[in-house]
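A.B. asks: A predicted structure for the sequence below; I have some questions about it.
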Amino acid sequence: MSSPTPRPARKAVIPVAGMGTRFLPATKAVPKELLPVVDRPALQYIVEEAARAGLGEVLMVTGRNKAAIEDFFDRAPELEAALEKKGDQSRLDAVHESTDVAQVHFVRQGEAKGLGHAVLQAAAFVGDEPFAVLLGDDLIDARDLLLEQMLAVQAEHGGCVIALLDVGAENIDKYGAVAIEDAPQTPAGDGDAVVRITGMVEKPPREEAPSSLAIIGRYVLAPEVFDAIRATPPGRGGEIQLTDALLALVEQGVPVHGVVFSGRRYDTGDKLDYLKAVVRLAVERDDLGPALRPWLRDFVADLPAEGASPA
Ligand code: UTP
């Protein structure tokens, strides 16, 4: 059983090698992580979230057809020179944001053999320290300090920490589901509950799910997870599942806690959630909100009632 570790996590791993089949045909040529949420790729919000939480070293696990991601986080000398020549400082700043926010490194997954397999590609980069995993299509609102809470729980208890969301019993079959200890839940810094995880299963049939608490795309992991992944055979869908490796750690007695998130989260790999993220973030922006909000009110007022045929 691992004891609480005094080492804080410093590094973040962002797997972006998935195929993005839910967003076809757009994702045939454009990685889903680069689809713009208002005017910035979803992935830029995620790198900024890692940097804000103090994780300035970021490794992206990429795959085939993902070269555009490397380009996005690279300097663009010709574009920068053109903007400088025009004296367009605000657009130049926007271009620099993507390269200045964190130190971004890349490794290839080779074959998309599952999230566990993607995380394993980070073993050499991570070394023997706790680290965070942020899924490249899972957007957490910048005002909700989920990752910071998770890092604090990991610093206190050691082991691993997983972000959880109550998705309701009717939706749990689309997620990894967890079983938790009955003990009273303790609130973390920002008020989200902290629970001890006793079991987990990837995409269970609804009637077999241990709870309606779903695993969402933020993890803080102990380096022991790499050996657990190496020992994990392909599971659901023939993929090496991170959930299966984490269950093995639970069974070995490694503390695995969950932070039950109560804030705003968008799965930008899902079309409906993507649309909600764009609208939600755009109406709150100072540059777009004042024009968009009145338009949106009129638009909604004119919408036919559900079931009625559109005009
Ligand atoms: P998803 O379950 O969303 O899979 O992966 P996907 O293939 O990307 O998308 P759909 O379901 O086909 O539309 C969750 C995260 O894990 C990464 C993905 O890039 C995404 O960030 N992933 C998944 C990998 O990096 N490698 C894999 O082999 C699988």
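C.D. replies: Looks like it arrived, so ask away.

A.B. asks: show me what from the stretch 201-311 of the chain comes close to the ligand.
C.D. replies: Residues of the stretch 201-311 of the chain lying close to the ligand (CB under 6 Å from any ligand atom) are residue 269. Just so you know, the C-beta spots here come from the backbone N, C-alpha and C atoms, and that holds for glycine as well.

A.B. asks: what residues does the stretch 51-200 of the chain put near the ligand?
C.D. replies: Selection of the stretch 51-200 of the chain residues close to the ligand by CB under 6 Å from any ligand atom yields 61, 109, 112-115, 117-118, 135-137.

A.B. asks: run the last query once more with 8 Å
C.D. replies: Proximity of the stretch 51-200 of the chain to the ligand is confined to 61-63, 109, 111-115, 117-118, 135-138 under the rule CB under 8 Å from any ligand atom.

A.B. asks: my guess is residue 285 meets residue 38, correct?
C.D. replies: Yes: counting by CB atoms under 8 Å, residue 38 is a contact partner of residue 285 at 6.7 Å.

A.B. asks: those two: which has the busier surroundings?
C.D. replies: residue 38 (15 against 12; other CB atoms under 10 Å).

A.B. asks: can you give me the helices in the stretch 101-250 of the chain?
C.D. replies: Shown for the stretch 101-250 of the chain, the helices assigned by DSSP state H, counting those that start in this stretch span residues 115-120, 123-126, 146-157, 225-230, 242-251.

A.B. asks: okay, those helices, which one's buried deepest?
C.D. replies: Comparing those by mean neighbour count (mean count of other CB atoms under 10 Å), helix 115-120 ranks first with a mean of 24.

A.B. asks: isn't residue 269 right next to residue 32, touching?
C.D. replies: Yes: Residue 269 lies in contact with residue 32 (CB under 8 Å); the separation is 5.1 Å.

A.B. asks: which residues are in contact with both of those two?
C.D. replies: 18, 20, 23, 137 (CB atoms under 8 Å, 6 or more residues apart in numbering).

A.B. asks: ok, the second one - how many residues close by?
C.D. replies: Pointing back at residue 20 there. Residue 20 - counted by other CB under 10 Å - has 20 other residues nearby.

A.B. asks: now it: how far from residue 104?
C.D. replies: Residue 20 sits 20 Å away from residue 104, going by CB to CB, to the nearest Å.
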